[in-house]
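**Q** Provided below for reference: sequence and predicted model.
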Amino acid sequence: MTKSLKSLCLSTGLAIAISPSAIAGLITNPGFQSGFTGWTRADQLGSDGTFSLQTGTTSPLSGTTVPAPPGSTTAAMSDANGPGTHLLYQDFTVAAPVSGAILAFDIFIGNRAGTFFSPNTLDFSTAVLNQQARVDILLASADPFSVGSTDVLLNVFHTSPGDPAVSGYTHVTADLTSILNSHIGTALRLRFADADNVFAFQVGVDNADINPPSVPEPSSWLLAAGGVLAAALLRRRTYAAR
């Protein structure tokens, strides 16, 4: 085997060895199969209820009829018998540039008040009506309850007056590529939040992850490498026959 061909084999083999079949998602335990491992729950002082695990067709605390989790058997769902503000979030950091990073999640909205009220606050104890749900990417250094423009980098989902009060689990996606690439090395936060001081409100979350683009499977790398090696060998034999 020629020196150049040996170099080609070595570089191709190295590419195969260091190339994973796919880049893992940035969120730990996206489907809540391990309970709330990796996630943080926070409730405003004085709130009733919290985010709990949902494993059927009734809400965790009030027993209201809700859709089954869209993933396997478990989702996270806020539920209460009184007013409150509930958060579910996870912090993450991107160490290197990404391309095509997509946030995806399934969300259920069960607003038993029949309409939404969306003041620019997550404080349920204000004098104004507050009945809303939102999903944000924000700085991990921010107050978890903040909705300030300097803290929230992207509002991905937000209920508004006139939206359907009750919906089944809906799949939502958002491209986070530019945000992640402009905050490399900075801790960020994926936050699900609801505030309600009007009437009962459930928010369900499942399959929440941020997926950078996948790279070719090992078999694809092997096929490509095989093609390159075959072409090199054919070229070598052609020259030798002259």
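**A** In hand now; what should we look at?
**Q** what distance do you get for residue 112 to residue 64?
**A** As for residue 112, its distance to residue 64 is 7 Å (criterion: C-beta to C-beta, to the nearest Å). Heads up, the C-betas are built off the backbone N, CA and C, glycines and all.
**Q** list residues touching both of these two?
**A** Contact criterion C-beta atoms under 8 Å, 6 or more residues apart in numbering; residues shared by residue 112 and residue 64: 200, 202.
**Q** quick one: contacts for the residue positioned nearest the centre of the chain?
**A** Residue closest to the average C-alpha location in the chain (C-alpha atoms, centre = their mean): residue 209, at 2.8 Å. Contacts for residue 209 (C-beta under 8 Å, 6+ apart) come out as 25, 26, 27, 30, 103, 104, 105.
**Q** repeat that for 6 Å
**A** 25, 27, 30 (C-beta atoms under 6 Å, 6 or more residues apart in numbering).
**Q** got those as TSV, with secondary structure, pLDDT and neighbour count columns?
**A** Listed next are those as TSV, based on DSSP: H, G, I helix; E, B strand; the rest coil; pLDDT from 0 to 100; neighbours: other C-beta atoms under 10 Å:
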residue	secondary structure	pLDDT	neighbour count
25	coil	94	17
27	coil	98	21
30	coil	97	21
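**Q** give me the below-cutoff pLDDT ranges for this protein.
**A** Across the chain, the ranges flagged by pLDDT under 70 are 1-23, 213-242.
**Q** run through the helices of it in chain order.
**A** 3-18, 177-181, 218-241 (DSSP state H).
**Q** touching, residue 167 and residue 109? I think so.
**A** Yes: shown here, residue 167 and residue 109 form a contact pair, counting by C-beta atoms under 6 Å, at 4.9 Å.
**Q** more neighbours, the two?
**A** Neighbour tally, residue 167 and residue 109, criterion other C-beta atoms under 10 Å: the higher count belongs to residue 109, 22 against 14.
**Q** for residue 93, see how far away that one is.
**A** Distance, residue 109 to residue 93, using C-beta to C-beta: 30 Å.
**Q** so how many other residues sit close to residue 38?
**A** Neighbours of residue 38 using other C-beta under 10 Å come to 14.
**Q** ugh, wrong one, residue 73
**A** With other C-beta under 10 Å as criterion, residue 73 counts 13.
**Q** once you drop chain neighbours, what's closest to it?
**A** Among residues not flanking residue 73 along the chain, residue 55 sits closest, at 5.7 Å (C-beta to C-beta, 6 or more residues apart in numbering).
**Q** that neighbour and residue 127, how far apart?
**A** Counting by C-beta to C-beta, the gap from residue 55 to residue 127 is 37 Å.
**Q** which of the two has more residues huddled nearby?
**A** Legend: neighbour count by other C-beta under 10 Å for residue 55 and residue 127, higher for residue 55 (15 against 6).
**Q** hang on, that one packs against residue 74?
**A** Yes: assessed by C-beta under 6 Å, residue 55 is found in contact with residue 74 at 5.5 Å.
**Q** residue boundaries of the strands in this protein?
**A** 40-43, 50-54, 75-79, 84-92, 102-111, 131-139, 152-158, 166-175, 188-196, 201-211 (DSSP state E).
**Q** need the winner for burial among these.
**A** strand 75-79 (a mean of 27; mean count of other C-beta atoms under 10 Å).
**Q** what's the burial count for the nearest residue to residue 151 once chain neighbours are set aside?
**A** Closest residue to residue 151 apart from its sequence neighbours, by C-beta to C-beta, 6+ apart: residue 142 at 3.6 Å. The tally of other residues near residue 142 (other C-beta under 10 Å) stands at 18.
**Q** understood, closing this out.
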